[in-house]
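Trainee: what shape does this take:
(one chain, ligands or ions: 2)
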Amino acid sequence: HAADALRTDLMTITRYVLNEQSKHPESRGDFTILLSHIVLGCKFVCSSVNKAGLAKLIGLAGETNVQAKQKKLDVLSNDVFVKALVSSGRTCILVSEEDEEATFVEPALRGRYCVVFDPLDGSSNIDCGVSIGTIFGIYMVKDFTEPTLDQALQPGKNMVAAGYCMYGSSCTLVLSTGSGVNGFTLDPSLGEFILTHPDIKIPKKGKIYSVNEGNAKNWDGPTAKYVENCKFPKEGSSPKSLRYIGSMVADVHRTLLYGGIFLYPADKKSPSGKLRVLYEVFPMSFLMEQAGGQAFTGKERALDLVPKKIHERSPIFLGSYDDVEEIKALYAAEA
Ligand code: AHM
Ligand code: MG
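Mentor: Ligands and ions are numbered 1, 2, ... in the order given. Coordinates of the predicted model:
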């Protein structure tokens, strides 16, 4: 009757986090409140993304405001997240991919957390209906009455939680608060995220590699060698399959569930790669490590990096433990 219990004893994301918090007697419920505001943002973006394809149709049937300019989905998502986070009363610094400068919350609404996020990542996939997502990471700030920018420039290993929400065939929220990784799926009829993927562990080795191979002519030696090995492995092992969506959340989600490696390496044109340290590289690296995988920059453990600027970029190789071990060996041999 285990299946029946799952269907009737619903573990919502709020219930899960409250359970986790009860293990820490010092906790004051602030994190639960913060997370419920993030969840609200995700639900809002999910519903907007689902309606996006219909915008033209609704516009035609609409009344006077047909000509009124629709806010772009990524700008709208950012507005929703910023407002939800500020109104939670639990944040003091916000760093968003959409905003050039960090936001310092007004004193009356300040709380202990700094949230770094990409409200809607995978912009090139929006207009064709392919999966996109929200990525977030959470730091605790020591003195939140006088927040300073360096509180947002901590290494990824200092994060207290990280996660992403994928707007795909269903809406999936993957979260780690530092003790493993759990996946929750939005039940639209209930409006609740229900635990569907408890204690996610990435396979130790995978059969898939995920990279934009169109950049190959500008790659460095170790990256080129690694991808060559994926396609023409030493005798005894079979080649890996290539899967690349170009939407980090979707590519990382598949890597987490099926195993393998996701890479956005440096190249001659972009020596720091493309992906942003604070709200792309760190949260995904945090989740990978929590699921038993690894994340490497080509030089060091990704979570050890100390960013100097809020929109800094870094090359990233993340995924199954053994697969990342291979690329680490290639960079070590080169050094
Ligand atoms: P964006 O912030 O403009 O959406 O770019 C980030 C996205 C990631 O989701 C994805 O991993 C990467 O860009 C894909 O880049 P490319 O198109 O160069 O392969
Ligand atoms: Mg992005």
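Trainee: what number of residues are in the vicinity of Ala329?
Mentor: Neighbour count for Ala329, taken as other C-beta atoms under 10 Å: 12. C-beta: built from backbone N, CA, C; applies to glycine.
Trainee: average pLDDT across the helix or strand where it lies?
Mentor: In the assignment (DSSP states H and E), Ala329 maps to helix 321-334. The pLDDT scores in helix 321-334 average 97.
Trainee: got any ranges where this protein has weak pLDDT?
Mentor: Scanning the chain for pLDDT under 70 picks out 1-2, 6, 56-70.
Trainee: need the contact list for Glu106.
Mentor: With contact taken as C-beta atoms under 8 Å, 6 or more residues apart in numbering, Glu106 is in contact with Val86.
Trainee: around ligand 1, pick out the residues from the stretch 201-335 of the chain.
Mentor: Asn212, Gly246, Ser247, Met248, Asp251, Tyr264, Lys274 (C-beta under 6 Å from any ligand atom).
Trainee: any of these buried? List them.
Mentor: The neighbour-count test (16 or more other C-beta atoms under 10 Å) applied to those identifies Ser247, Met248, Asp251, Tyr264, Lys274 as buried.
Trainee: touching, the fourth one and Arg313? I think so.
Mentor: By that I understand Tyr264. No - contact criterion C-beta atoms under 8 Å: Tyr264 and Arg313 do not qualify, at 9.2 Å.
Trainee: shared neighbours of the two, anything?
Mentor: Joint contacts of Tyr264 and Arg313 (C-beta under 8 Å, 6+ apart) are Gly273, Lys274, Leu275.
Trainee: hang on, the earlier thing: next step: the residues of the stretch 201-335 of the chain next to ligand 1 restricted to helices.
Mentor: Secondary structure of those is defined by DSSP state H; positions in helices are Met248, Asp251.
Trainee: go through the residues of the stretch 201-335 of the chain next to ligand 1 and name the one nearest ligand 2.
Mentor: Nearest to ligand 2 among these: Met248, at 6.9 Å, using C-beta to the ion.
Trainee: residues in contact with the closest one?
Mentor: Asp121, Gly122, Gly133, Ile135, Phe262, Tyr264, Leu275, Glu280, Met284.
Trainee: how does it look with 6 Å?
Mentor: Going by C-beta atoms under 6 Å, 6 or more residues apart in numbering, Met248 touches Asp121.
Trainee: number of nearby residues for Phe184?
Mentor: What Phe184 shows, counting by other C-beta under 10 Å, is a neighbour count of 25.
Trainee: and it, its phi and psi?
Mentor: phi -120, psi 140 (degrees, to the nearest 10).
Trainee: for it, which non-adjacent residue is closest in space?
Mentor: Spatial nearest neighbour of Phe184, chain neighbours left out: Phe193 (3.7 Å); criterion: C-beta to C-beta, 6 or more residues apart in numbering.
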